[in-house]
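K.L.:
Got a predicted structure here, sequence first:
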Amino acid sequence: MAHALADLPKTSDALRRGQISYSKVRAITRVATAATEDRLLHLARQATAADLEPIVRAWRLCDRQHEGREDAKRRRNQGLSIYPDVDGMFVVRGLLTPEVGAVVRRAIEAASEQLYQEAKDAEPKNVEAALEETGGIRVSAETSRRIACDAGRVVMRHDAEGNVLDVGRKTRTIPPALRRALASRDQHCRFPGCEARRCDAHHVKHWADGGATKLDNLVLLCRRHHRAVHEEGFGLTLDAEGQPRFTQPGGAPLPAVPTAPAWTGVPLAPTDAKLAEDGIEIDSDTSIPNWDGERLDLPYVIGVAWRPGDSPGAEGTAGP
C-alpha cells in the first residue's frame, strides 16, 4: 500500500487528512492507477469500507477479463516472416505476443553468444592477445579478505615456475555446524543498532592472518556492516567477555545504541501539533462516508465507474 501511495497523491492526501480510512485506502490501492484514482477516491468517499471491498473485487475482475480479451486479440494478430532480400541479407518481420517475443529474443541472444564464442575459437592468437591486454577485474585486498571471510576455497599447489601441481577439494572456510552455532548465538548482525538477519560470518582475526575458525573468533555481520569493517575503516575487537566492540574510522569508540526513550506526555500531542501545523482538522465526522444506508448496486457502480481503457497495460486504449 505504501508503494502504491507514492503514485497516488490525492489518495495519500485524503488519508493524511483523515477523510478516508486505512481500510478504504488498502482496498483501492489494489487496483488504482493515475487514470483511475479520481473515480476510486470518489467511491471511497461515498461508500463504506464493507461496500468498497466487493467494488474493488469486481473492478479487478473486469480488468482481468479485459486483459484476457486483449491477449486473445494479440494472439490473433501475431505472425512472423523471415525471407532473404535481393542482396542476400535476411529480413525478419513480425508481431509476437510478449511471451513469444521474450523467447525469440533470448534465442537470438544465445545464438549471438555462440557465434561470438566460435569466432573466438577461430582466432586463438587474437583472443590470447586480448586477454593479456585485459588483465581481468581487480578488487582491493580488503574486498578479497571480506569475501574470503565466509566463502568456499580451493587450495592449488604450484611449482617454482607457476605450473599447477595439485588442485585440492573445495571446502568451506566455516563448516555448516559452526555456522549454525554462530547463528544461534548471535541471532542477527552485531553492529550497534542493526538487527539484520541475513549475515556473513566475520573472522575478528582473519584466517589469512592466523586467526582460528572458531566460535570465539567469529561474529555475524550483515553485508553492509561487513563492508564497513573491512573497507570503510571501522574497527572490531572482542573484549574480555567475548563481546564485540566497534570503533569509528578515526579510532573513537562506537557507542552501543541506547534504548529508545519512553513517551510520558499526552499520547497524541506530537500528532496533534503536526496536524495543527499543517492546518488539518480531524473530528468524529471527518471520515464518515456520504452514504444514506441504501443497498449496494454493484453492477450499476461498475458499469458507471469502470472503463476498459483503465486496465493495467492498456495505455492508449480508447474507452467508451
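P.N.:
Arrived safely. Residues are numbered from 1 along each chain as shown.
K.L.:
Specify the beta-bridge partners of Val164.
P.N.:
His158 (DSSP bridges).
K.L.:
The longest helix that the chain contains: what's the following helix or strand?
P.N.:
Identified as the longest helix of the chain according to DSSP state H is helix 49-77. Heading C-terminal from helix 49-77, the first helix or strand you meet, by DSSP states H and E, is strand 79-84.
K.L.:
pLDDT value on Asn77, please?
P.N.:
Note on Asn77: pLDDT of 85.
K.L.:
how near is it to Gln243?
P.N.:
From Asn77 across to Gln243, the span is 68 Å (Cβ to Cβ, to the nearest Å). Placement of C-beta: from N, CA and C, glycine included.
K.L.:
go on, Thr173?
P.N.:
According to Cβ to Cβ, Thr173 stands 23 Å off from Gln243.
K.L.:
Just give the nearest non-adjacent residue to Leu238, would you?
P.N.:
The shortest distance from Leu238 to any residue other than its chain neighbours is 5.7 Å, reached at Val204 (Cβ to Cβ, 6 or more residues apart in numbering).
K.L.:
was I right about the one you found contacting Thr237?
P.N.:
Yes - when contacts are counted by Cβ atoms under 8 Å, Val204 is listed as touching Thr237 (6.9 Å).
K.L.:
Now do the shared contacts for these two.
P.N.:
Listed as contacting both Val204 and Thr237 by Cβ atoms under 8 Å, 6 or more residues apart in numbering are Pro244.
K.L.:
higher neighbour count, the two?
P.N.:
Ranked by neighbour count (other Cβ atoms under 10 Å), Val204 and Thr237 place Val204 first, with 17 against 11.
K.L.:
State the number of residues packed around Ile82.
P.N.:
By other Cβ under 10 Å, 9 other residues sit near Ile82.
K.L.:
Dig out what it forms beta bridges with.
P.N.:
Note on Ile82: beta-bridge partners by DSSP bridges are Val92.
K.L.:
Let's see the pLDDT reported for it.
P.N.:
88.
K.L.:
Can you name the residues that contact it?
P.N.:
Counted by Cβ under 8 Å, 6+ apart, Ile82 has contacts 90-93.
K.L.:
now it: how far from Met156?
P.N.:
Note on Ile82: its distance to Met156, by Cβ to Cβ, is 49 Å.
K.L.:
again, but for Phe246
P.N.:
From Phe246 to Met156 the distance is 36 Å (Cβ to Cβ).
K.L.:
ok, now Val104?
P.N.:
Distance from Val104 to Met156, by Cβ to Cβ: 43 Å.
K.L.:
Between those two, which is the more surrounded one?
P.N.:
Ranked by neighbour count (other Cβ under 10 Å), Val104 and Met156 place Val104 first, with 14 against 10.
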